[in-house]
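*Asks:* Generate coordinates for the sequence data below:
(one chain, ligands or ions: 1)
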Amino acid sequence: MQLIYTPKSHYARKDRILIDALGLEVELVDAGNVAEQDPAIFAHNPLMKVPTLIDGEQVVYESDHIAAYLVRQFDPQDRFAVLTTDPDQLNLRAVMNGVMAAEVELVMAERTGIDTRQYDRFEKFRTTVQQGLQWLEQQVDGLSSQPTYNGFHLVCLWDHLVLYDMFDLPSGQLSQRVAELSSLPYVANSVPVD
Ligand SMILES: N[C@@H](CCC(=O)N[C@@H](CS)C(=O)NCC(=O)O)C(=O)O
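*Replies:* Numbers count the residues shown, from 1 in each chain. As a prediction, the model looks like this:
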């Protein structure tokens, strides 16, 4: 199997942590600059985003779908609760994905030369990140200090925000949760660096 990714992608990192936690053999293929518009570098994902998983003839798009695909094949016990149907856990996942998406819009806009401060649309993305973080801080009890896929998700979101340094991060229990989970070798292994 191959995972098309970039070393800094927080979405791809969710899958990389899960892959390492499950001890799976997956070759990492760096897509390079994800601002490019060449579907070939994204394994012909028409959305031109990473991650994409290639498993023989099967390709899988979307980080959470990739995680579910891997767990269905290789971890029938679902040790990290990837396949949870609990609405509160799914809300946490939705908000974390939303915060990550809003931050990516800001990062990609600035990378392609847009002055995001000039547009209300980008202000909304900033507010989305800030409100999302506040909401997550209030819901921290739902994020276990035991390893779960939602916990991995939180670490990926957090470390990416640290890397791009566009936002002040809350200093409460959420940061403690990140620190606890970051001590796991298979989480620490993929911390993004400049
Ligand atoms: N919902 C997708 C989001 C993937 C995504 O936005 N990936 C970013 C990198 S972290 C990307 O490739 N962006 C390229 C672009 O937006 O042009 C997932 O969960 O896999």
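
*Asks:* Specify the residue positioned farthest from the middle of this protein.
*Replies:* Here the chain reaches farthest from its C-alpha mean at residue 118, the gap being 27.4 Å by C-alpha atoms, centre = their mean.

*Asks:* how near is that residue to residue 44?
*Replies:* Relative to residue 44, residue 118 is positioned 35 Å away (C-beta to C-beta, to the nearest Å). In short, each C-beta sits where N, CA and C put it, glycine included.

*Asks:* Ok, residue 95 next?
*Replies:* 30 Å.

*Asks:* Give me the more crowded residue out of these two.
*Replies:* The neighbour comparison of residue 95 against residue 44 (other C-beta atoms under 10 Å) goes to residue 95, with 18 against 13.

*Asks:* Surely that one forms part of a strand?
*Replies:* No. According to DSSP: H, G, I helix; E, B strand; the rest coil, residue 95 belongs to no strand; its state is helix.

*Asks:* burial count for the residue lying closest to residue 93 once chain neighbours are set aside?
*Replies:* Excluding its sequence neighbours, the residue lying closest to residue 93 (C-beta to C-beta, 6 or more residues apart in numbering) is residue 150, at 6.0 Å. When neighbours are counted by other C-beta under 10 Å, residue 150 registers 21.

*Asks:* Contacts only, for residue 150.
*Replies:* By C-beta atoms under 8 Å, 6 or more residues apart in numbering, residue 150 lies in contact with 81, 84, 89, 92-93, 96, 142-144.

*Asks:* Equivalent analysis for residue 23, please.
*Replies:* For residue 23, counting by C-beta under 8 Å, 6+ apart, there are no contacting residues.

*Asks:* From residue 177, how far out is it?
*Replies:* 24 Å.

*Asks:* Could you check the helix or strand where residue 104 lies against the ligand for contacts?
*Replies:* In the assignment (DSSP states H and E), residue 104 maps to helix 87-111. Yes. Judged by C-beta under 6 Å from any ligand atom, helix 87-111 comes into contact with the ligand through 104, 108.

*Asks:* Pull the distance from that helix to the chain's centre.
*Replies:* With C-alpha atoms, centre = their mean, to the nearest Å as the basis, helix 87-111 stands 8 Å off its chain's centre.

*Asks:* hmm, who's touching that helix?
*Replies:* Contacts with helix 87-111, where a contact means C-beta under 8 Å, 6+ apart, come from 10-11, 34-35, 64, 81, 84, 116, 122, 125-126, 128-129, 132-133, 135-136, 139, 142-143, 150, 153-154, 156-157, 160-161, 164, 166-167.
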